[in-house]
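# I need the structure of the sequence given here:
(one chain, ligands or ions: 2)
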Amino acid sequence: MDALELPNGKSNGHVSIKTPPPSPSPFRNSKFFTANLRILVTGGAGFIGSHLVDRLMENEKNEVIVVDNYFTGSKNNLMKWIGHPRFELIRHDVTEPLLIEVDQIYHLACPASPIFYKYNPVKTIKTNVIGTLNMLGLAKRVGARILLTSTSEVYGDPIQHPQTEEYWGNVNPIGVRSCYDEGKRVAETLMFDYHRQHGIEIRIARIFNTYGPRMNIDDGRVVSNFIAQAIRGESLTVQEPGTQTRSFCYVSDQVDGLIKLMEGENTGPINIGNPDEFTMLELAENVKELINPDIQVKKVGNTPDDPSQRKPDITLAKKVLGWSPKVTLRDGLPLMEEDFRKRLGVLKN
Ligand SMILES: NC(=O)c1ccc[n+]([C@@H]2O[C@H](COP(=O)([O-])OP(=O)(O)OC[C@H]3O[C@@H](n4cnc5c(N)ncnc54)[C@H](O)[C@@H]3O)[C@@H](O)[C@H]2O)c1
Ligand SMILES: O=C(O)[C@H]1O[C@H](OP(=O)(O)OP(=O)(O)OC[C@H]2O[C@@H](n3ccc(=O)[nH]c3=O)[C@H](O)[C@@H]2O)[C@H](O)[C@@H](O)[C@@H]1O
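Ligands and ions are numbered 1, 2, ... in the order given. The predicted structure follows:
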């Protein structure tokens, strides 16, 4: 007896397939690479985030997903990656939950310049607390390793100088900067509680003042202010007293440190910064000499709770990450000047 043919082309026990199987989905052929790691960068459209994305994308085994709400960041910073098969950009606010499958999370999303984080302080706290909770929840669900970009501001107006990671800080809990520095302190606490309670793999970087190309021209932070002012021929606005100090790290060094921390075995917190310390008056003199010797330096009023001194002790970073910064301020400033001149459309004489 002949095999009985069924409507789907198969037979009742005897093999008799009339039509060939459908060809595989054309999307199968578009998977021409196998990614080893899928990496999420929150705040990846911002200054440090976009430089980090550039470095991560250099590795052909990485797939990078950026989420950003564009509060201080911009698609322009990621233009060269838009449309790349290993890259994805999502407009998303980290204060809302995110469902996604990733292996690593670099959690940078948070306004960083004082004028922007003070603009909507409640939103800054929500970003630091609810945003970090959401990213930790995501890390827990998918088993991803998560790195938080914390800040030297967790040391407040430090009494210990230079600052080691053991120092607990001197922070005003109710001041105008608290949304940021207390927000980051809670974010660090959440990271450690998820680590202890749920075994999440965490990394915490305490970043010290980082500068470089792609900072917003009107970002309000001191290096971008001075460079834009020098190029425009305006006076450099040194906030009083001018003897307060900061230690400036070039962005490529910062990104090296963050990647080493993520790849290494130490949870942190680890200071990532350049220990070369300058007063604001010294910074202004450097900018003047390198960019425009004709400009004036003028003293202007300061804002409350401005830390009077800041310098990282990077012994731990050197020891456990084998990391130390390479770019001096005098080498980094001209690189930033070049970028600012291009964007401002003012060529060097
Ligand atoms: N640059 C520094 O000197 C410095 C120092 C210490 C710590 N940090 C930390 O490093 C990170 C990056 O700083 P940056 O200098 O690149 O600042 P940035 O302002 O250029 O970048 C922050 C990015 O986060 C995005 N963002 C803000 N709130 C968000 C939200 N709710 N949801 C999604 N995206 C959001 C912004 O749009 C922006 O793209 C921040 O977490 C900051 O606190 C920076
Ligand atoms: O590195 C850090 O941990 C933190 O440092 C900075 O905060 P701050 O150091 O106050 O940054 P700036 O606004 O650049 O101010 C630095 C110093 O320059 C002074 N300043 C600022 C602007 C200006 O035009 N002139 C001027 O003298 C300020 O008074 C302050 O003493 C960043 O804003 C934070 O994102 C970051 O977390």
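
# so after the helix-or-strand element of the chain with minimal mean pLDDT, what's the next helix or strand?
One helix or strand of the chain scores below all others by mean pLDDT, DSSP states H and E: helix 26-30, with a mean of 57. Moving toward the C-terminus from helix 26-30, the next helix or strand (DSSP states H and E) is strand 37-42.

# average pLDDT for that following strand?
Strand 37-42 shows a mean pLDDT of 97.

# how about stretch 266-279?
Stretch 266-279 comes out at a mean pLDDT of 98.

# that stretch and ligand 1, are they touching?
No - contact between stretch 266-279 and ligand 1 is absent, the nearest approach being 8.3 Å (criterion: C-beta under 6 Å from any ligand atom). Where you see a C-beta, it was placed from the backbone N, CA and C, and this is true even at glycine.

# cool, and stretch 99-112?
Yes - applying C-beta under 6 Å from any ligand atom, one finds stretch 99-112 touching ligand 1 at 108-112.

# among those, who's most crowded?
When neighbours are counted by other C-beta atoms under 10 Å, Ala109 leads these with 30 neighbours.

# surely that one and Leu40 touch.
No - assessed by C-beta atoms under 8 Å, Ala109 is found out of contact with Leu40, at 10.3 Å.

# list the residues that contact both of those two?
Counting by C-beta atoms under 8 Å, 6 or more residues apart in numbering, the contacts common to Ala109 and Leu40 are Val67.

# got the residue ranges for the strands in the stretch 201-349 of the chain?
Per DSSP state E, counting those that start in this stretch, the stretch 201-349 of the chain carries strands over the ranges 202-207, 210-211, 236-239, 245-247, 249-250, 270-272, 277-279, 297-300.

# most tightly surrounded among those strands?
By mean neighbour count, with neighbours taken as mean count of other C-beta atoms under 10 Å, strand 270-272 ranks first of those at a mean of 28.

# hmm, who's touching that one?
With contacts defined as C-beta under 8 Å, 6+ apart, strand 270-272 is touched by 152, 163-165, 204-208, 249, 254, 257-258, 261, 312-314, 316-317, 320-321, 323.

# mind listing what that strand pairs with, with the direction of each?
strand 202-207 (parallel) (DSSP bridges).

# average pLDDT across the partner strand?
Strand 202-207 carries an average pLDDT of 98.

# so does it get close to ligand 1?
Yes - applying C-beta under 6 Å from any ligand atom, one finds that strand 202-207 is in contact with ligand 1 at Ile207.

# can I get that strand as PDB, trimmed to CA atoms?
This file holds the C-alpha atoms of strand 202-207, laid out as PDB (Å, rounded to 0.1, in the frame of the first residue of the first chain):
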ATOM      1  CA  ILE A 202      30.600  44.900  41.000                       C
ATOM      2  CA  ARG A 203      33.300  47.500  40.200                       C
ATOM      3  CA  ILE A 204      33.400  51.000  41.600                       C
ATOM      4  CA  ALA A 205      35.700  53.800  40.100                       C
ATOM      5  CA  ARG A 206      36.000  57.000  42.000                       C
ATOM      6  CA  ILE A 207      36.800  59.400  39.100                       C
END
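
# what's in contact with that strand?
48, 145-152, 154, 165, 188, 191-192, 194-195, 249, 254, 257-258, 261-262, 264, 266-273, 312.

# recalculate using a threshold of 6 Å.
146-152, 188, 191, 195, 258, 261-262, 267-269, 271-272 (C-beta atoms under 6 Å, 6 or more residues apart in numbering).

# how many other residues sit next to the closest residue to Val320 other than its chain neighbours?
Nearest residue to Val320, sequence neighbours excluded (C-beta to C-beta, 6 or more residues apart in numbering): Asn266, at 4.5 Å. By the criterion of other C-beta under 10 Å, Asn266 has 15 neighbours.

# surely Asn266 and Gly322 touch.
No - using C-beta atoms under 6 Å, Asn266 makes no contact with Gly322, being 11.3 Å away.

# where does pLDDT dip in this structure?
1-17, 24-35 (pLDDT under 70).

# how about the residues of it that lie near ligand 2?
Going by C-beta under 6 Å from any ligand atom, the residues of the chain near ligand 2 are 112-114, 151-153, 207-209, 221-222, 225, 237-239, 244, 246, 280, 302, 306.

# flag every residue of the stretch 151-300 of the chain that's near ligand 1.
Near ligand 1, when you scan the stretch 151-300 of the chain using C-beta under 6 Å from any ligand atom, you find 151, 207, 209-210.

# 8 Å - rerun?
151-153, 180, 184, 206-211, 214-216, 219, 221, 249, 251, 254 (C-beta under 8 Å from any ligand atom).

# what do you get for the stretch 1-150 of the chain?
So the stretch 1-150 of the chain meets ligand 1 at 42-50, 67-74, 77, 92-95, 107-113, 116-117, 123, 126-127, 131, 148-150 (C-beta under 8 Å from any ligand atom).

# so which of those sit within helices?
Among those, the members found in helices (DSSP state H) are 47-50, 116-117, 123, 126.

# hang on, Gly131 packs against Thr95?
Yes - using C-beta under 6 Å, Gly131 is in contact with Thr95, at 5.3 Å.

# who has more neighbours, those two?
Set Gly131 next to Thr95 and count neighbours by other C-beta under 10 Å: Gly131 wins out with 26 against 17.

# now that one: closest residue in space that isn't a chain neighbour?
In space, Gly131 is closest to Val94, 3.6 Å off (C-beta to C-beta, 6+ apart).
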